[in-house]
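> after the sequence you'll find the predicted model.
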Amino acid sequence: MNGKERDMGGAIKRGLIVILVGIIIWFSPVPAGVKPEAWHLLAIFVATIVGLILTPIPMGAVVIIGVMMTALTGILKIGQALSGFANSTVWLIVSAFLIARGFIITGLGRRIAFHFIRAFGKKTLGLAYAIEASDLVLSPATPSNTARAGGILYPIVRSLCSTFGSEPGDSARKIGSYLMKMEYQGVVVTSAMFMTSCAINPLVVELAKKTANVSLSWGTWFVAAIVPGLISLAIVPYLLYKLYPPEIKATPQATQLAHTELEKMGPMSGREKKMIAVFLVILTLWITGEWTKLDATLVALLGVCVMLVTGVIRWDDVLGEKGAWDALFWFGGLVMMAGQLNTLGLMKWFANTAGGSVAGMGWFAALIILILIYFYSHYGFASLSAHTTALFPPFLAVIIAAGAPPYIATLTMAFFSNLCAGITHYGTGPAPIYFNAGYVDQKTWWKFGLLLSFINIIIWMGVGFPWWKILGLW
């Protein structure tokens, strides 16, 4: 048996496991309080997730089969099954890929990368902190973490990788794998640090008010998050640097190299100037979106259209951006299934069941148990909004009913509603952008996502609780 036949045999075995998982759940007794169609959709959703883990076929193909099965089995109508592909976040992801393409093909990304290298390029770790600091500065004024990490920072990170000769494949570990994973984990932290740094945070504020009559101001959120947040931003890149080290660690010649290369590039070309003009307009509209009421996805699509009309990118460039279209298929399908599970009431049932299991416990034990369930239940969500909408109110109500101080319960859940996104490659908008870049395989992504989730939980509870006590929040 040759290698190709062995690979085919392994793929068939993995595919059979996926099918078996779905069949077992489908024909298992439906729990009381759960609609049969919700249980059957769960079977397809879990089988799809297992398929993404085992990858008997490419991820996009796994998800499109799952989408097809939701309609073929009659659980959803075909319009409902395809609704995820109209999701605005999905198209923001696609647009971010195309904006990144403009940075790469015009050379503007390379130019920006050399400026970064000239300023911070002596050490890889210093470069990582510089990227993270850019994210932190932008985050208070950028409510979409997808716009921030995907549209603004991803093109720069991607260009830095290429500058050091690190591309997906054999050269990924030079520096690209580390920078991609580091920045994604960084945006997870910055998303938790400001009320305006992630789209779900205003939703959290509203849900906390309605569920527990807890009011969170912008200042309260910021002061409560700043200490554990800065500690996370200091520790996570360093820890990842030690556990997942890049091959390139010191680049003492980088400053001179960057200076030389910038001289070779000469003045900015016309396409570069158009690209930077479009980028600055997109950035301005994203930052001011709270006042202009312009949707982040609309702004991104506007930017892509202007890039096409002005010749910054060509239609062939759009068609050739495989990562964008792959993300459209698998992320759109997952968003649809997660949303439909919420609509059918399965997530509310799950939250209520989990809450009943800690009845009679002390408030601290109940808080720990429920917050961990809440955190790691995000493995089943492809959207922070869906996760928060479905589980935040019942979990918060149960924790406070157990006797937890309302602000402790609310702040912990608010911050963990963002931090939980770091565990998977589909947990929030920027995830598929960085994962689909191809530098980190899925096993590694999940392994370090789980490990760093432990670190963030320890920091945000171990440091956060005493800090909030000092602030008088409990």
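Perfect, thanks for sending it.

> can you tell me how far G311 is from D317?
G311 sits 11 Å away from D317, going by Cβ to Cβ, to the nearest Å. To be clear about C-beta, it is placed using only N, CA and C from the backbone, and glycine gets the same treatment.

> ok, the two, which is more surrounded?
Taking neighbours as other Cβ atoms under 10 Å, G311 and D317 compare with D317 leading, 16 against 11.

> need the contact list for that one.
Neighbouring residues of D317 by Cβ atoms under 8 Å, 6 or more residues apart in numbering: L98, R101, I105.

> a markdown table for those, including distance to G121?
Listed next are the contacts of D317 as a markdown table, based on distance: Cβ to Cβ, whole Å:
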| residue | distance to G121 |
| --- | --- |
| L98 | 28 |
| R101 | 24 |
| I105 | 23 |
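
> ok, and the most crowded of those?
In terms of neighbours by other Cβ under 10 Å, the contacts of D317 top out with R101 at 24 neighbours.

> what's the local residue count around the closest residue to F194 other than its chain neighbours?
Spatially, and ignoring its direct neighbours in sequence, F194 is nearest to P140 (4.5 Å; Cβ to Cβ, 6 or more residues apart in numbering). When counting by other Cβ under 10 Å, one arrives at 16 neighbours for P140.

> state the distance from P140 to G270.
The gap separating P140 from G270 is 34 Å, by Cβ to Cβ.

> ok, now A397?
In terms of Cβ to Cβ, A397 sits 58 Å off from G270.

> higher neighbour count, those two?
Taking neighbours as other Cβ under 10 Å, A397 and G270 compare with A397 leading, 16 against 11.

> I'd like to know which elements whichever strand or helix holds that one is packed against.
Per DSSP states H and E, A397 falls inside helix 384-401. With contacts defined as 3 or more Cβ pairs under 8 Å, 6 or more residues apart in numbering; DSSP states H and E, helix 384-401 has these neighbours: helix 200-212, helix 322-343, helix 346-356, helix 363-376, helix 406-419.

> would you turn those helices into CSV with mean pLDDT?
Converted to CSV, those look like this (pLDDT from 0 to 100):
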stretch, mean pLDDT
helix 200-212, 84
helix 322-343, 83
helix 346-356, 72
helix 363-376, 92
helix 406-419, 95
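
> where in the stretch 151-300 of the chain is pLDDT low?
Low-confidence segments of the stretch 151-300 of the chain (pLDDT under 70): 251-254, 257, 290.

> quick one: the helices in it?
154-163, 176-193, 200-212, 218-243, 254-265, 270-287, 289-292, 296-309 (DSSP state H, counting those that start in this stretch).

> winner for burial among those helices?
Sort these by mean neighbour count, taking mean count of other Cβ atoms under 10 Å, and helix 176-193 sits at the top with a mean of 27.

> any idea of the angle it forms with helix 384-401?
Orientation check (axes from the mean of the first three to the mean of the last three Cα atoms, to 10 degrees): helix 176-193 against helix 384-401 gives 50 degrees.

> counting contacts, what elements does helix 176-193 pack onto?
So helix 176-193, by 3+ Cβ pairs under 8 Å, 6+ apart, packs with helix 124-138, helix 145, helix 154-163, helix 218-243, helix 406-419, helix 430-435, helix 442-462.

> appreciated, that's everything.
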